[in-house]
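K.L.:
I would like the atomic coordinates for the input below:
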Amino acid sequence: MNVIGELLGYIAGICIAVCFLPQTIQTIRSKNVAGLSLCSYVIYSIGILCWMLYGIYLHSFQMILFNAISLFFGVIILYMIIKHKK
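P.N.:
Numbers count the residues shown, from 1 in each chain. The predicted structure is shown next:
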């Protein structure tokens with residue numbers, strides 16, 4: 001097992017998984033979705049779901065875990081956009 005490759009995979013996964021955490025927190029607190037695109041978050045969530053399913057196919061724990069976290073944040077924002085869009 002390539003330790004450096006595994007470490008890079010975990011670092012990349014953590015960065016990608018938490019990159020929407022600040023946006024998610026801000027959206028939940030403010031309920032302001034005026035600047036958020038429903039279309040973008042739908043496409044993003046579909047893409048992340050596909051990556052997660054691909055990770056399941058490959059039996060890749062990293063891909064499954066970090067894409068599941070990313071999908072969780074994306075779906076929360078999607079829900080907020082649908083609920084609060086005027």
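K.L.:
quick one, helices of the protein?
P.N.:
Ranges of helices in the chain, per DSSP state H, are 3-18, 21-30, 38-58, 61-84.
K.L.:
CSV for these, including mean neighbour count?
P.N.:
Every residue, glycine included, has its C-beta placed from N, CA and C. Below are the helices of the chain laid out as CSV (neighbours: other CB atoms under 10 Å):
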stretch, mean neighbour count
helix 3-18, 12
helix 21-30, 13
helix 38-58, 15
helix 61-84, 18
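K.L.:
rank these by mean pLDDT and give me the bottom one.
P.N.:
Mean pLDDT values for the helices of the chain show the minimum at helix 3-18, a mean of 90.
K.L.:
gap between it and the chain center?
P.N.:
Distance of helix 3-18 from the chain centroid (CA atoms, centre = their mean, to the nearest Å) equals 14 Å.
K.L.:
could you give the angle of it to helix 61-84?
P.N.:
Interaxial angle, helix 3-18 versus helix 61-84 (axes from the mean of the first three to the mean of the last three CA atoms, to 10 degrees): 10 degrees.
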